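[1] Sharing a sequence plus its predicted fold:
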Number of protein chains: 2
Amino acid sequence: MNDAGTTFLAALEARLPPDTLRAPEPRHLSEPRGKFPGRAAAVALPRSAAEVSTILAACHAARVAVVPVGGGTGLVGGQVMTDGPLPLLLSTERMTAIRAVHPSENVLVAEAGAILADVQAAAEGAGRLFPLSLASEGSARIGGLLSTNAGGLNVLRYGTARELCLGVEAVLADGSVMNGLRRLRKDNTGYDLRHLLIGAEGTLGIITAASLKLLPRPAAYATAILTVPHPEAALALLGRAGAHAPGLVEAFELISGESLRFLAETMPDLRRPVPKAEWLVLMELGLPPGLDGTALLEAIFADGAERGLVEDGVLAQSEAQRQDIWTLRESIPEANRRIGAIASHDVALPLSHVATFIEEAAAALRPFGIRINCFGHLGDGNLHFNVFPAAGRVRGDYADAAADITRIVHDLVAAHEGSFSAEHGVGRLKVADLERYGDPVKLAAMRAIKAALDPHGILNPGAVLRM
Amino acid sequence: MNDAGTTFLAALEARLPPDTLRAPEPRHLSEPRGKFPGRAAAVALPRSAAEVSTILAACHAARVAVVPVGGGTGLVGGQVMTDGPLPLLLSTERMTAIRAVHPSENVLVAEAGAILADVQAAAEGAGRLFPLSLASEGSARIGGLLSTNAGGLNVLRYGTARELCLGVEAVLADGSVMNGLRRLRKDNTGYDLRHLLIGAEGTLGIITAASLKLLPRPAAYATAILTVPHPEAALALLGRAGAHAPGLVEAFELISGESLRFLAETMPDLRRPVPKAEWLVLMELGLPPGLDGTALLEAIFADGAERGLVEDGVLAQSEAQRQDIWTLRESIPEANRRIGAIASHDVALPLSHVATFIEEAAAALRPFGIRINCFGHLGDGNLHFNVFPAAGRVRGDYADAAADITRIVHDLVAAHEGSFSAEHGVGRLKVADLERYGDPVKLAAMRAIKAALDPHGILNPGAVLRM
């Protein structure tokens, strides 16, 4: 592997339209948690798959590393290369077109640089729903969302990014362009390379466009925040909600008492329309016409209360109240940021192990003298199990303990047949975790596939798999 | 590649429990359409992934071909090898355990040889739904259903087999066992080999077990058969149904007048509770508690009638009537078999191209003097576009025309950005179609992956990719 040196860049520049290569800006070299200081020789800003092809073919021939950059919101350092040969960045920021909306097919075709909020808006403009929804939707781009198989708030009903993608156009390591932009619900014609590229974090190819599933918009939403005695009760309540409203539960989010205290401490002016409790769930139903959402929530509440699964609650009586509830939920990551985590974990567990895991992990970490804010997408078994300094102490006090804390949490996750990365991916942060916890046969197969599709290893080196 | 000769088989036999290797039975060497006469040296009947591992490791070392066999219901010859070195068959018929049902997680873990109907029953026994449903569900096995990414009747709401699988245990070509039997809704820890193996038709590994998604059972179904003026109206009606019942339409099947005539001719005693028409749709809604299905169907009908999309219809008033409607639909393939098709096509189209495709294909084939029975999963854009002799003529009269007919149909499908195999797969029947219509970059990547994961090419040689 070679640096993206001046001779290489000059030759590449001559093959591209003017102003395609630039000096990287700080935003191209950083990531939200500031753990990975990026470095690069230049950033390429292609306008089309053909230009991406020119760039990759040149990098492939010259053994130059390429790091794909989307909205830059990823939390595991997949978008920044901190060591090794000096890479070329490839940003999708100029490929933002929504190429087509097909309401009668429930399909939208977007380029990789399209911002999620713009895709959501285009779907809404056509009377449809693109259900992928997450805190960074105002800056995250479709290519990155697919490459990391993003999750978020509505996975419970609609699946992750993977499940919302019908096809991809992608450029492979040697510059060849795979046209897989099909708009079909069924297509059994050979290996599903779409699903191989989705979640590969730019290490097997660069997604340049995607055809995405749209859905009918629910006629109304019914939203509540409920206090529960413990997480196990919350999960039993989810089961009851599924019986009352099969297929209609869109979100089932866990909020902890610590979440509320962090919000009170860091954002005292935020409306917190919820009872005080150690455990709460935010439940939202997406309703067809003709179902009374309030009655349905009340029935779930009554059923849950009778079984001791729910104690108190607030049902949103207006869209404004619904937005207050969601703002509360979506402010938790910012509150966490202001408190300053020692270690953050994005874990998934089989649903029946979630409650035990939370208890065991809290007990195992107690000796460290920490606070835990455990929240997240409970309906998916996906917890953001984040660890903070005790009140009055600071992150720096725990510098020596952070790695041990993460090891304890991830070992416990593995013991419960869980995942050390539910929705954030591997990036550069969790390469060692993948080596430690991943199935060795799967890892060997991944390496074989990587070598087959990117024989010179130019695509996002060091992400997912060690260089 | 070598024959599975007597020396090889004797050595393998010594490493396996008694009675694991046998002479193949006729059922192991045939497929439903009788197009591919199979041949094999022996059939292995392993009881576990460990035994599958022993078998594949031996075949890998000796360069002996292995053909995986499930329920044998595949329609494209994926389960029979007609030429090349004499292979060993590997049947999953002894690996039928449902290892676990986790109702609180909505997960079921089944071995590859479990029959679909048994999995459905186990789900129902736990108060849950496993929604994969197709005509051969009484004999099709989970391993084959996943390896071919089976579709069927409820894809519109629940997706294909792929979307219903959370994880797989699989044995790779060299005998290594990949344990991917996770029960997680989110797991972004490296390349998604599950989705690579699903739909690979046993050419990249042999799935030995899978964790499957269960769903809440709808509280009730509302089912109707409706006559429509033409397929375009049917698709517009589907859009209206989505507005009235977002997310609740489980099935939207096209039935042609020819379907009804074939049924009348071949099964005169079958109840046909439907008005005569040239085009009909079977629509089924899966309802949450509290929604009146009859009122909902009537509202969709009234809306559609006002727009000229629907002309007449029968709403099932009882479970018996519902079953009559479904029996009618599910008898069409048997009626086709009795009439005797010249050529069958399992195609998918973007929804907005379906109606035009049907017209253009019928016009293009008219000079052949044939009958067309076009039916199938209209809501998925998946048509079974099957071509039959004119009344009074027989299949043999068209022997010279069959290939031309298929070429015309598939060329037209390709022109409409469709797929020549929506749900049946490639097998051995459609290898040339994949070469003709497949994206060349995708094909090259498929070959690279095949060579990386199965370097000696022992797994199902000749299926999907040419040997």
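    Everything's here; your move.
[2] Now do the spatially most central residue of chain A, the pLDDT please.
    When Cα atoms, centre = their mean is applied to chain A, the residue found nearest the centroid is A:A150 (3.3 Å). According to the model's per-residue confidence, A:A150 sits at a pLDDT of 98.
[3] Name all residues that make contact with it.
    The neighbours of A:A150, taking Cβ atoms under 8 Å, 6 or more residues apart in numbering or on different chains as the test, are A:L132, A:L134, A:A140, A:G144, A:T160, A:A161, A:E423. C-beta coordinates here come from the backbone N, C-alpha and C atoms, glycine included.
[4] and the last one, what is it in contact with?
    Contacts were defined as Cβ under 8 Å, 6+ apart; by that measure A:E423 touches A:148-152, A:155, A:160, A:346, A:348, A:377, A:382, B:186, B:188.
[5] and if you look at the fourth one?
    Contact analysis of A:G144 by Cβ under 8 Å, 6+ apart lists A:P68, A:V69, A:G70, A:G71, A:G72, A:T73, A:G74, A:Q79, A:T92, A:A112, A:A150.
[6] So what pairs up with the second one in the strands?
    Read it as A:V69. Beta-bridge partners for A:V69, by DSSP bridges, are A:S91.
[7] do you know how far it is from A:I458?
    As defined by Cβ to Cβ, to the nearest Å, A:V69 lies at a distance of 15 Å from A:I458.
[8] cool, and the fifth one?
    Noted for A:G72: a distance of 21 Å to A:I458, by Cβ to Cβ.
[9] Please give the centre-to-centre distance between the longest helix anywhere in chain A and its chain.
    Using DSSP state H to define each element, chain A has its longest helix at helix A:319-339. Between the centre of helix A:319-339 and the centre of its host chain there is 17 Å, according to Cα atoms, centre = their mean, to the nearest Å.
[10] I'd like the mean pLDDT over whichever helix or strand comes after it, please.
    Past helix A:319-339, heading to the C-terminal end, the next element that is a helix or strand (DSSP states H and E) is strand A:346-348. Per-residue pLDDT values over strand A:346-348 give a mean of 98.
[11] neighbouring contacts of the following helix or strand past strand A:346-348?
    Under the assignment DSSP H and E, the closest C-terminal helix or strand after strand A:346-348 is helix A:354-365. Applying Cβ under 8 Å, 6+ apart, the external contacts of helix A:354-365 come out as A:230-232, A:235, A:347, A:349, A:372, A:374, A:378, A:381, A:383, A:385, A:387, A:405, A:408-409, A:412-413, A:416, A:418.
[12] restrict these to those near chain B?
    Restricting those to those near chain B by Cβ under 8 Å from any Cβ of the partner chain leaves A:L235, A:L349, A:G381, A:G418.
[13] Return the member of those nearest to A:L315.
    A:L235 (20.6 Å; Cβ to Cβ).
[14] Which stretches in the stretch 101-250 of chain A count as helices?
    With helices called from DSSP state H, counting those that start in this stretch, the stretch 101-250 of chain A shows them at A:116-125, A:142-147, A:155-158, A:193-197, A:231-244.
[15] hey, which of these is tucked in deepest?
    Ranked by average neighbour count under the criterion mean count of other Cβ atoms under 10 Å in any protein chain shown, those are headed by helix A:142-147 at a mean of 31.
[16] And the average pLDDT for that helix is what?
    What helix A:142-147 shows for mean pLDDT is 98.
[17] chain center to that helix: distance?
    Chain-centre distance of helix A:142-147: 9 Å, with Cα atoms, centre = their mean.
[18] Stretch A:211-218 too?
    Centroid displacement of stretch A:211-218 relative to its chain, using Cα atoms, centre = their mean, is 19 Å.
[19] Averaged pLDDT, it. What do you get?
    Confidence over stretch A:211-218 (mean pLDDT, whole number) is 96.
[20] near chain B at all, that stretch?
    Yes: counting by Cβ under 8 Å from any Cβ, chain B is contacted by stretch A:211-218 at A:L215, A:P216, A:R217, A:P218.
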